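1. what would the 3D arrangement of this be:
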Amino acid sequence: MRRSSSKLLCHLQPHTKSSFSLLSNDFITHLSSLSTVTNEANYGHPSQTRLQNCNKINGLLFSNVKTHQPQTNSSQNFNTLVDQRPEMSSRQRKIKERSQLEEAFESAKTPDDMLKAFKDMEANFDEKELGLACLKLGLKLDQEGEEPEKILSFANRALKVLDTDDKLSLPLAMTLQLLGSACYSSKRFNDSLGYLTRANRILGRLEEEGFCSVEDIRPVLHAVHLELANIKTALGRREEALGNLKRCLEIKEMTLEENSRELGNANRDLAEAHVTILNFKEALPYCLKALEIHKSQLGQNSVEVAHDRRILGVIYTGLEKHEKALEQNQLSQKVLKNWGLSSDLLRAEVDAANIQIALGKYDEAINTLKDVVQQTDKDSEDRAMIFTSMAKALCEQEKFADSKRCLEIACGILDKKEKSSPVEVAEAYMEISMQYETMNEFETAISLLKRTLAMLEKLPQEQHSVGSVSARVGWLLLLTGKVEQAIPYLEDGAERLKESFGAKHYGVGYVYNNLGAAYLEIDRPQSAAQVFAFAKEIMDVSLGPHHVDSIEACQNLSKAYGAMGSYSLAFNFQEKAIEAWEGHGPSAQDELKEAKRLLEQLKKKARDASSNEPPIKALPFPHTNEFNNTGASQPGVSVSEKRSSAV
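-> The predicted structure follows:
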């Protein structure tokens, strides 16, 4: 459970957790120094609420609610009064009793003590006077990781008091942030999004209209954007979540020292977020910045630097700069070994083996994995991961029988972990299914992916992975001739991936290409032309119009129009494809020759007014975890080329 009051969003790996103190213990401490209720003179007049002075966080909560505040040393004043008068009036006794109750609440350190003090206050204060006490108590419970329903009960009580007469205040924004956090923890994502969006809007108006200083607003604004990133990630809207994480980084840059360690963590977190949607190029500068900060602050041999290097290795792998990736991995391993971090070291060694496989150093990779597997327990997930990587190396050497045995061992381990670690097992099944694809074991691959779908569909925060798996199942069904079965998977995959990665992500283009191929197979050329047009537009934007996959999308669009009998459009797109192939020079002579043949064929069709075009084959689906956190593919490399040797 990730709370904006105590820790920053963890994007990829479990071991890269980081924290941010703008809205954490210190902030709760600030709240504790404030008076919690109004006095009798002002209670019952919420319409007078107005933020007068928020120059310091210590005074931000109640400067807008009251004008008369009991003195902190009220007990001393009462003692003086007792010396002068033998007896206190009933009104004075009531004021003293209320002051003591309030002081007990403010001085409480633990949630239990705060709850006890609050219960005593409930008998002596009106509900309208308890609004800020409810907010403080809710924030404390959220910080301590209490049950969301308990937090929601206090947050809702605070909201009823503070959300009156359309008066905007910082406490109201904080209450909405707390409600958003609690709803997120209870998986009420849409409710959470609503509360947080409103909180963000209020904070913007407060800053714009000058009701609060930016120093007061920034801690709450950071918490709101951090929680918005959590929610959008959980809803699969990762592209949008990036915008909120960038805003968090901007707030930290304005708040923290230029080279603070925490600013380094924030840059690394944003790099990881880019990696999850395969934006390796965009991730690189943030990761390099994190590494620069951590090296200057903590030295070359710090754990933070080791984690930075590990993420940098992933990025270089995604950019297919494998030598650089291996260099960063080895530097990271050295530090992890010195610190005795065996679990992180083991994963780094497996990463190194995977990089060796990418470099074609299969025997070295196998030897590395044989050494590492000795360090794992018999039924551990790490052991399954190692056998999966070993199977990949053996498969590349065409030792298919040995590769299948490794995969069977891995599946046997993972089968027992489905309920306890569904996300990790699902990711492993996806990797294993691709191994079976490479060996042309398509039925086994489809079966594993369907098991993966069944697990992931139960997890709201994994809908982006559902889209990836669904699209891949559709592609494999299309590849094996099961066109009618493929179409629902491809359609579902395209919609989910658009929501998760944006409508212009190149992976969505691949799915549309395959969906268009399926429509042509069942004689729906108009539907095919529509999705091929979408695919071409996406490919042109994300890969460029002269990329080989963009050219293939253009040719597919030509075929669709040809099947419809719209020959003038078909000629136009095929001629554009020919022009693009000519731009590739001698390396694309075969493709150019085929494109010209297709144009002549179209012209013959136009003359004969007949449509005998053979069914189009599905474009290869990217042979990587295109839409998953482990991505290692680079848009600039033709996926067709990667798959040519496998299928």
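
2. spatially central residue in this protein, please.
-> Thr233 (4.1 Å; C-alpha atoms, centre = their mean).

3. okay, and Lys378 sits in which element?
-> If you go by DSSP states H and E, Lys378 is not part of any helix or strand.

4. that one and Ala393: what is the separation?
-> To Ala393, Lys378 is 22 Å away according to C-beta to C-beta, to the nearest Å. (Glycine included, C-beta is placed from N, CA and C.)

5. who has more neighbours out of those two?
-> When Lys378 is set against Ala393 and neighbours are counted by other C-beta atoms under 10 Å, the residue ahead is Ala393, at 25 against 6.

6. which ones are touching the more buried one?
-> Applying C-beta atoms under 8 Å, 6 or more residues apart in numbering, we find Ala393 in contact with Ala353, Ile357, Tyr362, Ala365, Ile366, Leu369.

7. helix, strand, or coil at Asn124?
-> Asn124 carries the three-state label coil when classified by DSSP: H, G, I helix; E, B strand; the rest coil.

8. quick one on the thing from earlier: mind telling me what element the residue nearest to the centre of the chain is part of?
-> Following DSSP H and E, one finds Thr233 within helix 214-234.

9. can you name every helix or strand that the following helix or strand past that helix contacts?
-> As assigned by DSSP H and E, the chain's next helix or strand after helix 214-234 is helix 238-255. When contacts are defined as 3 or more C-beta pairs under 8 Å, 6 or more residues apart in numbering; DSSP states H and E, helix 238-255 sits against helix 214-234, helix 261-276, helix 483-501.

10. so where do the helices sit in the stretch 101-250 of the chain?
-> 111-122, 131-143, 148-162, 170-185, 189-209, 214-234, 238-255 (DSSP state H, counting those that start in this stretch).

11. next, the angle from the third one to helix 131-143.
-> This means helix 148-162. Relative orientation of helix 148-162 and helix 131-143, computed by axes from the mean of the first three to the mean of the last three C-alpha atoms, to 10 degrees: 160 degrees.

12. report the mean confidence score over helix 148-162.
-> Averaging pLDDT along helix 148-162 gives 92.

13. then the shortest one?
-> Averaging pLDDT along helix 111-122 yields 83.

14. buried residues, it. List them.
-> With burial defined by 16 or more other C-beta atoms under 10 Å, the residues of helix 111-122 counted as buried are Pro111, Met114, Leu115, Ala117, Phe118, Met121.

15. let me know the closest of those to Asn572.
-> Among the buried residues of helix 111-122, Pro111 lies closest to Asn572 (C-beta to C-beta), at 69.6 Å.

16. identify the residues contacting Gln375.
-> Gln375 neighbours (C-beta under 8 Å, 6+ apart): Ser342, Leu346.

17. actually Asp590, not the one I typed
-> Applying C-beta under 8 Å, 6+ apart, no residues qualify as near Asp590.

18. now swap in Glu240 and tell me
-> Glu240 touches Lys232, counting by C-beta under 8 Å, 6+ apart.

19. now do the one 4 residues further on
-> For Asn244, the set of contacting residues under the criterion of C-beta under 8 Å, 6+ apart consists of His225, Leu226, Leu228, Ala229, Lys232.

20. out of these, which is most surrounded?
-> Neighbour counts for the contacts of Asn244, by other C-beta under 10 Å, peak at Ala229, which reaches 30 neighbours.

21. fine by me, thanks again.
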